[in-house]
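Enquirer: Dropping a prediction and its sequence here:
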Amino acid sequence: MTLENAILGFLDREPMTGYDLKTRCFDDAVGHVWTADQAQVYRTLERLLERGLVRSKLVPQRGKPDRRVFSITQRGRRALSAWLHEGLEPGPVRDPLLLRLALAETLSDDELLVLLNQARQGYQARLDALRAEASSPPPPLAAPDLRGADLFRMTLSAAMSATRTAIDWIDDCTDRIASGLPKVARATDEGA
């Protein structure tokens, strides 16, 4: 449902194509907090059309296929407003690194350190990209006015804070592993 509401929120700002939603919105405007691939965007637009929350029209182009431009309906605006006013509970944590670490007792300490080092490099690259984004003007669809610009900066700040926290946690784990973890105490399955 979050993807549906995000699309409604962007269409509430201006009508656009599915391609525009993917590139200008999910890639450029909110990619630091929410992603969507092209297929997800188009499937979601079809569901929104079926429910009467958006409408579309074909816009002819010279020498190219017609563009399908989507816009929000009044019903879509009411649904968006209801979502914005709903209470919010934190979503579950779904992190591939945490899942790997939870199941990695058979890896040696050196292998665990490699895993954590690779993850740290990825988080550091993300933090560097977020810092670069923070030093640039916000994309127009993310910040249509001064209020929007402030809200965009708040989400960027939250993404940077979460990324710095992940790096600190990885450093703590690395120190713990370097000081020595207990050895695996698992019986082997000789029949397999």
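Expert: Arrived safely.
Enquirer: so what's the residue nearest the centre of the chain up against?
Expert: Geometric centre of the chain, nearest residue: W34, 2.5 Å, by Cα atoms, centre = their mean. Counting by Cβ atoms under 8 Å, 6 or more residues apart in numbering, W34 touches 2-3, 6, 26. Every C-beta, even on glycine, is put in place using the N, C-alpha and C of the backbone.
Enquirer: Give me the buried subset of those residues.
Expert: 3, 6, 26 (16 or more other Cβ atoms under 10 Å).
Enquirer: Go through those residues and flag which are in helices.
Expert: 3, 6 (DSSP state H).
Enquirer: would you turn the buried ones among the contacts of W34 into JSON lines with pLDDT and distance to R120?
Expert: Shown next, in JSON lines, are the buried ones among the contacts of W34 (pLDDT from 0 to 100; distance: Cβ to Cβ, whole Å):
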{"residue": "L3", "pLDDT": "94", "distance to R120": "30"}
{"residue": "A6", "pLDDT": "95", "distance to R120": "30"}
{"residue": "F26", "pLDDT": "92", "distance to R120": "26"}
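Enquirer: Now flag whichever of the buried ones among the contacts of W34 is closest to C173.
Expert: For these, the minimum distance to C173 (Cβ to Cβ) is 31.3 Å, reached by F26.
Enquirer: Quick check: that closest one vs A142, distance?
Expert: To A142, F26 is 11 Å away according to Cβ to Cβ, to the nearest Å.
Enquirer: State the pair within the contacts of W34 that is farthest apart.
Expert: Farthest apart among the contacts of W34 by Cβ to Cβ are T2 and F26. That separation is 11.8 Å.
Enquirer: returning to what we had before: could you dump the contacts of W34 to CSV with distance to L48?
Expert: Shown next, in CSV, are the contacts of W34 (distance: Cβ to Cβ, whole Å):
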residue, distance to L48
T2, 13
L3, 10
A6, 11
F26, 15
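Enquirer: Now the spatially closest residue to G52 that is not a sequence neighbour. Its backbone dihedrals?
Expert: Closest residue to G52 apart from its sequence neighbours, by Cβ to Cβ, 6 or more residues apart in numbering: R75 at 5.3 Å. Dihedral pair for R75: phi -60, psi -40, per degrees, to the nearest 10.
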